[in-house]
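In: Please work out how this folds:
(chains A and B)
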Amino acid sequence: MKFLVTVKRVTDYEAKIKVKADKSGIVTDGVNMIVNPFDEIGVEEALRLKEKHGGEVVVVSIGDKDATQQIRSALAMGADRGVLVTSNDAELDSAGVAKILEKLVAEESPDMVIMGKQAIDGDSNQAAQMLAERLGWGQATFANTVTVEDGKVTVIREADGGLETVSCTLPAVVTTDLRLNEPRYASLPGIMKAKRKPLKEVSPADLGVDLALQVVVKGLEEPPQKSAGQIVPDVATLVDKLQNEAKAL
Amino acid sequence: MPNPLDFFAFEDLLTEEERAARDSVRRFVEAKVRPHVAQAWRDAAPLPIMRELAELGLFGATLDLGDGPTLNYVAYGLCMRELERADSCVRSMVGVQSNLCMYPIFTFGSAQHKEELLPQLAAGTLVGCFGLSEPDAGSDPGNMSTRATKVDGGWRISGTKRWITNGTLADIAIVWARTGQGASSIRGFVVPTDADGFSRHKLDGKQSFRASDTAELMLDDVFVPDEALLPGTDGLKSALAVLNQGRYGICWGVLGAAEDCFATALDFAKERMAFGRPIAGFQLVQQKFAQMSARLTHAQLLAWRFGRLKDEAVEKGGDIEGARTSMAKMANVETALHIARTCRDILGGNGIMDEYGIMRHMSNLETVYTYEGTHDVHQLVVGHALTGQSAFR
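Out: As a prediction, the model looks like this:
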């Protein structure tokens, strides 16, 4: 089986995020960058499926040159080769990502595309669904368990209020949820081998993709500062304040 | 503003692979090691993580075992720093397996030793230790009393080895013994710890290195076959070459302990109020941080330079000079111990509580100050190199 897995370069979830003065984006200078954690779960799942069924794991990242670091980190975990589509976040929306991946799927013919359910920076949760739609493939999102058998993938997905089991004919698009697996640590020999694995670079133009934005980010705002709380003497005062000051009741 | 833990952008001196290796070990340590170190200290019990450390590929990572590219020494040093950020005992556990057991087999062993033992040691299915120090011979191992006597088909070894890290866990011990008169007759042997006449016991009552398996090994007329001899060993200098490998890891490892103390103390000082303001605002506290930060910066840059020079030397088939290794071990351990003690002071009474980890690091560093060449002896090695005069004899 062949797996195409996306790895997005995102800010570390432990980093303190600041919005740029002109509100056009966030400050990334000096901020640690990591593989989107949901994508890392996707890499782990592809590696496990490969260990079971054989095949190849190809990782793709769409981003600037620095995103090779995230591709290498997936290669160090055990993926076989990487593709970097050179672009930058400002030129991309979810539809653009889906269009690029559609072209790569045509080139690579994977049996399964595995993506994180969303990237922890933009939190759009759209690209995989758009990709499946463009390809006309089945999709199973928010995977909690993935099983491949007889040309089909069965996914137990995390739905609101419970688990839902769906089954898709391969090829299909699967997105990962947090509890699908616990990604392995890249071993030191894995890291050293990663730099010798093939990594190809292409541009959206090479793929013949037109990246006209359909969604434009107008500006970013930091969440409002939380003001200090008040301690009230009794329930009656609380109700009064909720009614008359906060106008919440 | 510079990063308080990396004031001179040490990070920029590293390659992408070096950072990747460091980051992988850091993630492992944060998730699987750090949460357990305080309890391991209280229980005086080594963490049962040999297999996981092996899976990460830490054992013998710098040695070319024929299965792909090896780690360079800078990357290896960075990994030691991450392990010791959690606890010196964890770094030591890896250091002994890699540097004091696998390295001598790799360097002085026969083809059979390498083929049989190295893969198992790398996989952590076999645990090794190193027996040089004795109850009455530490800084002067040339005067060891352990003897190996040639007999038909092998050797009979008798003697006692002390301060042996991984000693009760080990399946094999690299035992150093005199085969005749003088230090030049010292040779290394691979001795199975289940051999007849081999006994060992854990050293109880340690006030430092509590999460480390420290033992005494007793060899009472232990017979080993001829093949147990490491054929490339030739006198005390072979044992000292092995120790220089260990000292390399120490020079880097202690940075982790020092940085952990520094980070804890800095957070504490910014939060802890006295006289209506954080104690970080007081001049005496700031002076401590400024001095520690300068010394930490020196230590980071020294470790980096040490690593680059070692990588260059090893690439040419040699090794870095022993005097440089001695200086790096001496200087960085002293710095780390100074930082740990100063951070303990900044935390006041809290500094002695194990939830902060500083006293544990500090106490561990007292061991590191003494083992693998005492601080005093390293100064004499450096003194010898500087003046041409040996203070030993």
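
In: and the closest residue to chain A within the stretch 1-150 of chain B, what is it in contact with?
Out: In the stretch 1-150 of chain B, no residue comes nearer to chain A than residue B:57, which is 3.7 Å away by Cβ to the nearest Cβ. For glycine as for every other residue, the C-beta is placed from the backbone atoms N, C-alpha and C. Taking Cβ atoms under 8 Å, 6 or more residues apart in numbering or on different chains, we find residue B:57 in contact with A:187, A:188, A:189, A:190, B:122.

In: How about the contacts made by the second one?
Out: Contact partners of residue A:188, counting by Cβ under 8 Å, 6+ apart, are B:21, B:24, B:25, B:56, B:57, B:58, B:61, B:71, B:75, B:79.

In: repeat that with 10 Å
Out: Contacts for residue A:188 (Cβ atoms under 10 Å, 6 or more residues apart in numbering or on different chains) come out as A:76, B:17, B:20-21, B:24-25, B:56-59, B:61-62, B:70-71, B:75-76, B:79.

In: same deal with residue A:8?
Out: Counted by Cβ under 10 Å, 6+ apart, residue A:8 has contacts A:34-36, A:38-39, A:60-63, A:67, A:70, A:89, A:97, A:115-116, A:118-122, A:127.

In: Report the separation between it and residue B:158.
Out: Counting by Cβ to Cβ, to the nearest Å, the gap from residue A:8 to residue B:158 is 63 Å.

In: Now residue A:186: closest residue in space, sequence neighbours ignored.
Out: Of all residues not flanking residue A:186 in the chain, residue A:76 sits nearest, at 3.7 Å (Cβ to Cβ, 6 or more residues apart in numbering or on different chains).

In: C-terminal to the helix or strand containing the one you found, what's the next element?
Out: Assigned by DSSP states H and E, residue A:76 belongs to helix A:68-77. For helix A:68-77, the following helix or strand on the C-terminal side (DSSP H and E) is strand A:81-86.

In: still on that earlier bit, phi and psi next, for the residue of the stretch 1-150 of chain B closest to chain A.
Out: With angles defined as degrees, to the nearest 10, residue B:57 sits at phi 90, psi 20.

In: can you tell me how far it sits from residue B:361?
Out: From residue B:57 across to residue B:361, the span is 26 Å (Cβ to Cβ).

In: Tell me how many other residues surround residue 44.
Out: I'll assume chain A. Counted by other Cβ atoms under 10 Å in any protein chain shown, the residues lying close to residue A:44 total 21.

In: that's the wrong chain, I wanted chain B
Out: 16.

In: can I assume it is in contact with residue B:210?
Out: Yes. Contact criterion Cβ atoms under 10 Å: residue B:44 and residue B:210 qualify, at 4.5 Å.

In: count of residues packed around residue 96?
Out: Looking at chain A here, since you left the chain open. Neighbour count for residue A:96, taken as other Cβ under 10 Å: 22.

In: My question was about chain B, not that one.
Out: 27.

In: Can you tell me whether I have it right that it is in a helix?
Out: Yes. Using DSSP: H, G, I helix; E, B strand; the rest coil, the assignment for residue B:96 is a helix.

In: who touches it in this structure?
Out: B:102, B:127-130, B:164-167, B:169-170, B:174, B:212-213, B:246, B:249, B:372.

In: What parts of chain B come near chain A?
Out: Proximity of chain B to chain A, by Cβ under 10 Å from any Cβ of the partner chain, involves residues B:1, B:3, B:15-29, B:31-32, B:52, B:54-59, B:61-62, B:65, B:67-72, B:75-76, B:79, B:122.

In: SS state for residue B:367?
Out: Following three-state DSSP, residue B:367 is assigned to helix.

In: Buried ones in the longest strand belonging to chain A, by neighbour count?
Out: Longest among the strand segments of chain A by residue count, using DSSP state E, is strand A:138-149. Neighbour-count burial for strand A:138-149, counted by 16 or more other Cβ atoms under 10 Å in any protein chain shown, picks out A:138, A:139, A:140, A:141, A:142, A:143, A:144, A:145, A:146, A:148.

In: Wait, the fifth one touches residue A:162, no?
Out: No. With contacts counted by Cβ under 10 Å, residue A:142 stays clear of residue A:162, the gap being 11.7 Å.

In: Now for those two: what residues contact both?
Out: Counting by Cβ under 10 Å, 6+ apart, residue A:142 and residue A:162 have no common neighbour.

In: Average pLDDT for stretch B:51-66, rounded please.
Out: Confidence for stretch B:51-66, expressed as mean pLDDT, is 95.

In: cool, stretch B:370-377 as well?
Out: 96.

In: circling back to that earlier point, ok, then the element right after the longest strand of chain A?
Out: strand A:152-159.

In: Tell me how many other residues crowd residue A:171.
Out: Residues lying near residue A:171 (other Cβ under 10 Å) number 20.
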